[in-house]
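**Student:** turn this into a structure:
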Amino acid sequence: MSADPPPPETPAPSARRFRIEEAIGAAAMATICLISISNVVVRYATNVSFAFTEEVSVFLLVVLTFVGTALAFAKDDHIRIEVIVRRLGPIGRRLCDGLSLAASVLLFGVLVYYGGLLAWEEYRWGETSPAMGFPTWIYTIWLPILSLVVLIRILGPRLAGLSRRRREGGR
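**Tutor:** From the prediction side, this is the model:
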C-alpha cells in the first residue's frame, strides 16, 4: 500500500486577512531600500545625490510604521510588558487591556482628527514640498487614513466579540 501525500496546507482564514498589510509593508521597505541604494551609487559615481530620496523615504517610512502598527494590533502582538501582565491575574489583565485599549483608541482618534485638519490646511494653503515641489497634503493625507486603519484593527476584534456574545446570549 502506498500512503497518499498529505494535502498542501492552506493558511488559516485569519492569516489570509493580513496579507494586504504585509504586502504594503514589504513594498514600502523594498522601495526604501532601492531608493537608498540608488542614491548611494549615484552619489558615489557623480558626487550628486537625488533630491527626492529623503522626501520619499520619510513618507514610505511613515507608511511602513502605520501598516506595521495596524498589523501588530490585528495580530494582538502590540507592545506590552508580559512579565508584569502575567503576574496580575485575570482581573488585572482585563484592567490593563482596558487601559491599553482606551489609550490606543484615544491616541489614534486624535491622530485621525488632527491629521485630517493638518492635511486640509496644507491643501487649503497650497503648501509644497521643498525637494520636489509636490503639494504636501499628498503626503499628509495618509496620516489620518492610516490612523483610521489602525483604529479599525484595534476595535474590529472587540466589536466582533461583542456581536458574537450578543448572538450567543440571545439564544
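**Student:** host element of the nearest residue to Ser104 once chain neighbours are set aside?
**Tutor:** Closest residue in space to Ser104, ignoring its immediate chain neighbours: Ile154 at 5.3 Å, by C-beta to C-beta, 6 or more residues apart in numbering. Quick note: C-beta positions are derived from backbone N, CA and C, even for glycine. Of the helices and strands defined by DSSP states H and E, Ile154 is found in helix 142-170.
**Student:** lowest-pLDDT helix or strand in the protein?
**Tutor:** Taking mean pLDDT, DSSP states H and E as the measure, the chain has helix 13-16 as its least confident helix or strand, at a mean of 52.
**Student:** for the very next helix or strand once past that one, packing partners?
**Tutor:** Scanning forward in sequence from helix 13-16 by DSSP H and E, the next helix or strand is helix 19-46. With contacts taken as 3 or more C-beta pairs under 8 Å, 6 or more residues apart in numbering; DSSP states H and E, helix 19-46 sits against helix 53-74.
**Student:** alpha carbons only: can I get the helix or strand following the helix it packs on in CSV?
**Tutor:** Counting by DSSP H and E, the next helix or strand C-terminal to helix 53-74 is helix 82-86. Listed next in CSV are the C-alpha coordinates belonging to helix 82-86 (Å, rounded to 0.1, in the frame of the first residue of the first chain):
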residue,chain,number,x,y,z
GLU,A,82,4.4,40.4,29.7
VAL,A,83,6.4,39.9,32.9
ILE,A,84,4.1,42.2,34.8
VAL,A,85,0.8,41.4,33.0
ARG,A,86,1.2,37.6,33.6
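**Student:** quick one: contacts for Pro157?
**Tutor:** Residues counted as contacts of Pro157 (C-beta atoms under 8 Å, 6 or more residues apart in numbering) are Ala74, Asp76.
**Student:** distance of it from Ala74?
**Tutor:** Distance of Pro157 to Ala74, computed by C-beta to C-beta, to the nearest Å: 8 Å.
**Student:** got it, and Glu127?
**Tutor:** Separation of Glu127 from Ala74 (C-beta to C-beta): 33 Å.
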